[in-house]
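# dropping a prediction and its sequence here:
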Amino acid sequence: MPPKFRPLFFTILLLATSATISVHSLSNALSFEHLPLFREAPAFRNGRECAPATWSSTVNGQSYSDPSSIIHIAMTLDSTYLRGSVAGVLSVLQHAACPENIVFHFIATHRRAELRRTITVTFPYLNFHLYHFNADLVKGKISSSIRRALDQPLNYARFYLADLLPASVQRIIYFDSDLIVVDDVAKLWNINLGAHVLGAPEYCHANFTNYFNSRFWSNPAYASSFKGRKPCYFNTGVMVIDLLKWRDGKYTQKLEYWMRIQKKYRIYELGSLPPFLLVLAGNVEGVEHRWNQHGLGGDNLHGLCRALHPGPASLLHWSGKGKPWLRIDSKRPCPLDLLWAPYDLYRHSLLFSDS
């Protein structure tokens, strides 16, 4: 290289290196973005009528203590929906007659140490366990759906509850992270599942054909999947599951079968819901509709405001595109979002210091 070009060359090299370092630093900063901060929840104590209960478990299967008075609830945790999860937990505890008898089973794919610390600091008295969900279990089986949030691997963790939780957990309530409970969750826990593996509110007036596309219905082998059943839509964000029956019936494998069919032939558009309908619709123990006032987030495209369904409500569920914390932060809340707001423990920087 001629001597007169050397200063220019080293200047360009220095600028390029600096730019690379800056981009790399920015990428790292975004990757390690802090989780939201929350105010500490009050301590919720059992009433005098509550049976004393302790639950301990070693996930590797040594010894268990699992009294019948314990209520087990499973939820997923991630940075995107953490604010909703925290509100959901608070709502359960606040309305429970025996909050100390509730054990939460949280499932996460990443940042488990941070999530554990957040839950511990926010709920110092909470009985909980945190489990790792290996996203690789489903990444190769997921096909794109109508909304990106439905394609996240953690959305499929509900398929694997029987594998993730200890064998001592024989029944579980599964809750989505965009709901609040406004009644004693023990009423939901104590429903009689009879011979069924799963209980959930059913909506038999819904047009069931809309949950699958023409490629599904035009295939006689697929369309006959519901033969002998009277399938009804049910929302998988609120389910009571008998894990003994689930394990015995190998329901996880049945759900995975339809995921493989979907990956190859694309027979539906709605993420993790259709496999549940294919495997279990028409074989569900119906639960009162009050336990899933769903759809408050609007549809999957626009997320417009909606009103409550007629009848009493024990659980409000913002399924759909619109989430109450996002609409509240944007200063455009829907009327029902104001029912969610009292359970929001998010520490707004303008209102609370970090001390």
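It's in.
# local confidence estimate at the spatially most central residue of the chain?
Geometric centre of the chain, nearest residue: D176, 3.6 Å, by CA atoms, centre = their mean. On pLDDT, D176 comes in at 98.
# and if you look at the one 5 residues further on?
Predicted confidence (pLDDT) at V181: the value is 99.
# about what we covered before: does the residue nearest to the centre of the chain touch G237 like I think?
Yes: counting by CB atoms under 8 Å, G237 is a contact partner of D176 at 3.4 Å. To be clear about C-beta, it is placed using only N, CA and C from the backbone, and glycine gets the same treatment.
# mutual contacts of these two, please.
317, 319 (CB atoms under 8 Å, 6 or more residues apart in numbering).
# mind listing what L280 touches?
Contacts of L280 (CB under 8 Å, 6+ apart): 197-198, 234, 251.
# repeat that for F175.
Taking CB under 8 Å, 6+ apart as the test, what F175 contacts is 73-75, 88, 92, 181, 237-238.
# what of S225?
L278.
# what's the answer for S79, then?
Per CB under 8 Å, 6+ apart, neighbours of S79: 33, 35-36, 111.
# again with N219
Taking CB under 8 Å, 6+ apart, one finds I267 in contact with N219.
# straight-line length of stretch 328-343, end to end?
Distance across stretch 328-343, first residue to last, is 13 Å (CA to CA, to the nearest Å).
# buried stuff in it?
328, 333-334, 336-337, 339-340, 343 (16 or more other CB atoms under 10 Å).
# which residues does the closest residue to N155 other than its chain neighbours contact?
Leaving out its chain neighbours, the residue that sits closest to N155 by CB to CB, 6 or more residues apart in numbering is S272, at 5.2 Å. Applying CB under 8 Å, 6+ apart to S272 gives the contacts 150, 155-156, 158-159, 236.
# just the strands in the stretch 201-350 of the chain please.
Under the criterion DSSP state E, counting those that start in this stretch, the stretch 201-350 of the chain contains strands at 202-203, 233-234, 238-242, 285-286, 315-317.
# which among those strands is found nearest to R215?
Among those, the nearest to R215 by CB to CB is strand 233-234 (19.7 Å).
# that closest one: partners in the sheet, and parallel or antiparallel?
Within its sheet, strand 233-234 is paired with strand 202-203 (antiparallel), according to DSSP bridges.
# now the strand it pairs with: average pLDDT?
96.
# try stretch 213-221
Rounded mean pLDDT across stretch 213-221 is 94.
# what's the answer for stretch 248-267, then?
95.
# next one: stretch 280-300
93.
# just list the residues touching the closest residue to H110 other than its chain neighbours, thanks.
Leaving aside its chain neighbours, H110 sits nearest to D78 (7.3 Å; criterion: CB to CB, 6+ apart). If you count contacts by CB under 8 Å, 6+ apart, D78 has them with 108-111, 115, 152, 154.
# go again using 10 Å as the cut-off
By CB atoms under 10 Å, 6 or more residues apart in numbering, the residues touching D78 are 35, 85, 107-111, 115, 152-155, 177.
# any idea how far L255 is from L115?
25 Å (CB to CB, to the nearest Å).
# ugh, wrong one, F276
26 Å.
# of those two, which one has the most company?
F276 (22 against 19; other CB atoms under 10 Å).
# quick check, the more buried one in contact with C232.
No: contact status for F276 versus C232: not in contact, 12.0 Å apart, counting by CB atoms under 10 Å.
# common neighbours of these two, please.
Residues within reach of F276 and of C232 at once, by CB under 10 Å, 6+ apart, are 200, 284.
# residues near A195, how many?
8.
# which one of the strands of the stretch 201-350 of the chain lies nearest to K227?
Between these, strand 233-234 lies closest to K227; by CB to CB that is 18.0 Å.
# how far does the closest one sit from its chain's centre?
17 Å (CA atoms, centre = their mean, to the nearest Å).
# hang on, the earlier thing: farthest pair in the contacts of L280?
In these, two members sit farther apart than any others by CB to CB. They are F234 and Y251, at 14.5 Å.
# these two: which has the busier surroundings?
Remark: of F234 and Y251, F234 carries more neighbours, 27 against 22, as counted by other CB under 10 Å.
# what distance do you get for that one to A51?
31 Å.
# next one: N213
From N213 to A51 the distance is 50 Å (CB to CB).
# cool, P124 as well?
Relative to A51, and taking CB to CB, P124 is found at 23 Å.
# again, but for G297
37 Å.
# so for the two, which residue has more residues nearby?
Using other CB under 10 Å, the more surrounded residue of G297 and A51 is G297, with 25 against 11.
# please name the nearest non-neighbouring residue to the more buried one.
G320 (3.1 Å).
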